[in-house]
Structure formats: structure tokens, C-alpha cells
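A predicted structure for the sequence below; I have some questions about it.
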Amino acid sequence: MAYNFLDLVNEVNRRLNEVELTSSNFASATGFYAHNKDAINAAIRDINHVHYEWPFNHEVKEQTLTAGTIRYAFPADANTIDFDSFRIKENTGFGTKTQKLTLISYEDYLNGFVDQEYTTETNKRKIPEYVFHAPSLELGVVNAPDQAYTLVYEYYQVPADLSVYSDVPTVPERFRHVIIDGAMLYAYLFRSNEQAATLAKGKFDEGVKRMRTMLVNRYVNMRSGMITPTKATAFGDRVR
């Protein structure tokens with residue numbers, strides 16, 4: 001069994017005893033079939049709205065910096081950006097090692113470094129040491145770069161809706177049943193079957209909860225470094 005947009009839509013069609021679509025008539029589907037296509041995308045969007053940092057939506061971005069330019073736009077598909085992940089990539093041509101950037105607040109940038117954004121003095125430019133989150137859906141680096149360094153950082157994307165019949169969701173295939181349960185909710189609502197829609201929603205919510213347990217909820221065991229006292233001596237408690 002394939003795992004793509006066409007196959008997901010056809011699984012909904014089969015559950016409702018409808019004729020399956022093919023790769024040749026998928027794009028021109030209308031009516032209930034077009035609705036089932038929308039239902040698959042709606043279910044995937046619902047999954048992505050429950051948690052903004054699903055591991056399967058994780059991306060690593062490489063941004064080539066421009067000498068003298070401090071601010072850069074967020075990726076168009078960015079949902080959340082990990083500002084603790086910023087680093088300048090090693091470049092033997094520039095003679096630089098990989099260097100992690102320290103996060104500073106926008107206020108600290110304005111108070112201590114904003115002059116670099118407007119100065120034309122090239123001697124103030126050097127390898128960036130800090131990164132900040134601007135309120136204009138931009139990130140900024142300080143110092144203003146003097147070379148075309150490669151900035152690397154990590155973020156979680158908002159996946160584009162499935163469109164072509166062969167498109168594959170970012171949601172792993174082992175959770176296809178969760179997508180189907182979410183799509184069935186919308187299909188039943190389209191047919192005004194409120195009771196079946198309620199059951200489908202319950203299955204969908206439970207499936208998403210299991211996804212969170214499997215993919216998101218991680219507990220790291222920590223070992224205590226506390227030194228505990230031994231039994232008391234004649235001169236008082238001592239720690240060995």
C-alpha cells in the first residue's frame with residue numbers, strides 16, 4: 001500500500017463505500033471527492049496545530065550572510081525557530097571554526113549594538129557573536145558580518161498542504177491512521193452524520209495524544225550530585 005495523497009483520499013473513499021480515484025482523475029475531482037482531499041489536508045493541519053514542534057517537521061537552515069547586513073527574514077515556512085541553535089559554520093577559506101552564537105534580547109541589541117546597522121565603517125565588521133529575535137519576523141546577527149559566513153540554525157516548519165496525487169505528508173506513515181480518523185471526522189460532517197463524526201473525533205484526539213507520547217514526551221534521567229553526610233562523630237557531623 002502506497003503512502004501518498006491519492007492513497008489517503010482513497011482510504012477515506014473505501015471506508016465510505018465510494019469509488020476510488022486514480023492518478024489521472026485526481027486533480028479534476030469535484031464534489032464529495034474534492035471534499036475528501038480537503039479533509040485529508042484539514043486533518044494534517046489539525047495534527048500540526050496540536051503541537052508546533054513535531055520532530056517530523058524539524059528543518060536545518062543554512063543562510064549565507066551578506067557583509068554589512070544584520071537583519072534576515074525568517075524562512076517562509078517557519079513555525080517556531082530555535083534561537084539556541086544558531087552557529088556560524090566552519091569555513092577554512094575564512095580561517096574560522098564553528099562558533100555558536102549567544103542569544104540576546106532585542107532591547108539589548110537596541111541599547112548596545114544598533115549603531116552597527118547604519119554605520120558605513122567597515123572596520124567594525126567581523127564574525128558575528130550574537131543573535132536576536134526582531135519583532136518584524138526577522139532574525140539579526142551581531143556583529144555585522146565582514147564576510148559571507150554561513151549561518152546555520154534549526155526550526156520547525158509549517159508543511160505545505162498536499163496538492164499533487166503523489167505528495168507525501170511529513171507525518172510518518174505509522175501514523176496514517178490518525179490522519180484518516182481526522183479526515184473521517186470532516187467526511188461525516190459533510191454527510192451530516194453527527195454521531196459518526198463524534199466517534200471519529202474521539203479516535204483522532206486519542207491518536208494525536210499517542211503521537212505526543214511517542215514523539216514529544218521525553219524524560220531525561222538525572223543523577224543527583226548532592227553529597228550526603230555520614231554518621232555523626234564526636235566533633236560533629238562530617239562529610240567524607
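Sure thing, it's come through.

against which helices or strands is the lengthiest strand in the chain packed?
In the chain, taking DSSP state E as the definition, the longest strand is strand 78-88. Judged by 3 or more Cβ pairs under 8 Å, 6 or more residues apart in numbering; DSSP states H and E, the packing partners of strand 78-88 are strand 99-100, strand 102-103, strand 130-134, strand 138-142, strand 150-157. C-beta coordinates here come from the backbone N, C-alpha and C atoms, glycine included.

neighbouring contacts of the longest one?
Residues external to strand 150-157 that are found in contact with it (Cβ atoms under 8 Å, 6 or more residues apart in numbering): 52-54, 57-65, 72, 74-75, 77-83, 85-89, 91, 128, 131, 139, 141, 170.

list the beta-bridge partners for the residue nearest the centre of the chain.
For the chain, the residue nearest the mean C-alpha position is Tyr156 (1.7 Å; Cα atoms, centre = their mean). When bridges are called by DSSP bridges, Tyr156 pairs up with His58, Thr80.

rewinding a little: contact partners of the longest strand of the chain?
The contact list for strand 78-88, computed with Cβ under 8 Å, 6+ apart, reads 48, 52-53, 57, 74, 96, 98-101, 103, 127-128, 131, 133, 139, 141, 149-158.

the same query, at a cut-off of 7 Å, please.
Contacts to strand 78-88, defined as Cβ atoms under 7 Å, 6 or more residues apart in numbering, come from residues 52-53, 57, 74, 96, 98-101, 103, 127-128, 131, 133, 149, 151-158.

any of those buried? List them.
Those of the contacts of strand 78-88 that meet the buried threshold are 57, 74, 101, 127-128, 131, 133, 149, 151-158, by 16 or more other Cβ atoms under 10 Å.
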